[in-house]
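Student: sharing a sequence plus its predicted fold:
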Amino acid sequence: MKSYIKPFSLALLIIALDQGIKLYIKTHFFLGEEVAVFGNWFLLHFTENNGMAFGFEFAGQYGKLFLSLFRIIAVGGIGYGLAYAIKHRYHHLLITSIALIFAGAIGNIIDSVFYGLLFDYETLLHGRVVDMFYFPLFHTQLPNWFPLWGGEDFVFFRPVFNLADASISVGVAVILIFQKRIFPENQEPEKDVDSL
């Protein structure tokens, strides 16, 4: 049972921090308000989106409903995967990564499921995800010869995101970067925790 404590504690900590930040931004900023945290390259910029990480969206109310239901099903699968990985003693980096993805998914589900009801007097499953972290590290104009976007303004990094998005991204990145360590070839499965 002790092996479950650290991953789920990490997930709970991230969820609590994510929701604390979102509730503060939601109740203290007006939509579109921007505050510089560190120069011009780290800003708090309050925005909301109806869709996925980094502001990507599905169109319309049915798209929003589908996305909310999909998130609920997905987080159930991720939670099961986390418990399975712990039980079968998978690599600690994999367990930590799944915990990060699980926490991020729950953090954004809370917004989608409850924020519409709490703040906008709408129904369940129609809330908007609160985003606030904005890192416009540099701003330039693309040269005219650049294909498709020549002459247009270019900002890196443009997407506005939240802690839940970052948690998911870090979890996925760790799995991709350390996949050879996490999934070594010819590794024999260990006994599960319950059989020890």
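Tutor: Okay, I see it.
Student: buried ones in stretch 82-93?
Tutor: Buried positions in stretch 82-93, judged by neighbour count with 16 or more other CB atoms under 10 Å: 82, 85-86, 90-91. Any C-beta I mention is one placed from the backbone N, CA and C, and that applies to glycine too.
Student: now stretch 13-25
Tutor: 14-15, 18-19, 21-22, 25.
Student: report all helices and strands that the helix or strand that contains residue 167 contacts.
Tutor: Element membership for residue 167 (DSSP states H and E) is helix 163-177. Helix 163-177 sits against helix 2-28, helix 92-110, strand 129-134, with contacts defined as 3 or more CB pairs under 8 Å, 6 or more residues apart in numbering; DSSP states H and E.
Student: can we see that at 10 Å?
Tutor: Under the contact definition 3 or more CB pairs under 10 Å, 6 or more residues apart in numbering; DSSP states H and E, helix 163-177 sits against helix 2-28, helix 92-110, strand 129-134, helix 179-182.
Student: need those in TSV (columns: mean pLDDT and distance to residue 39).
Tutor: Converted to TSV, those look like this (pLDDT from 0 to 100; distance: least, CB to CB, whole Å):
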stretch	mean pLDDT	distance to residue 39
helix 2-28	96	20
helix 92-110	96	27
strand 129-134	94	12
helix 179-182	92	36
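Student: so which of the buried residues of stretch 13-25 comes closest to residue 65?
Tutor: Minimum distance to residue 65 across the buried residues of stretch 13-25 is 21.0 Å, recorded for residue 22 (CB to CB).
Student: ok, now which ones touch that closest one?
Tutor: By CB atoms under 10 Å, 6 or more residues apart in numbering, the residues touching residue 22 are 46, 48, 107-108, 110-111, 115, 129-132, 162-164.
Student: residue 13 now?
Tutor: Contacts here follow CB under 10 Å, 6+ apart; on that basis residue 13 touches 99, 103.
Student: how close does it sit to residue 100?
Tutor: According to CB to CB, to the nearest Å, residue 13 and residue 100 sit 11 Å apart.
Student: list the buried ones in stretch 69-83?
Tutor: 71, 75, 78-79, 81-82.
Student: which of the residues you listed fall in helices?
Tutor: If you go by DSSP state H, the buried residues of stretch 69-83 have 71, 75, 78-79, 81-82 in helices.
Student: list the contacts for residue 46?
Tutor: 22, 25-26, 28-35, 130-132, 134, 160.
Student: buried members of those residues into ChimeraX, please.
Tutor: In ChimeraX syntax, the buried subset of those is picked out as below (16+ other CB under 10 Å):
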select :22,25,26,29,130,131,132,134,160
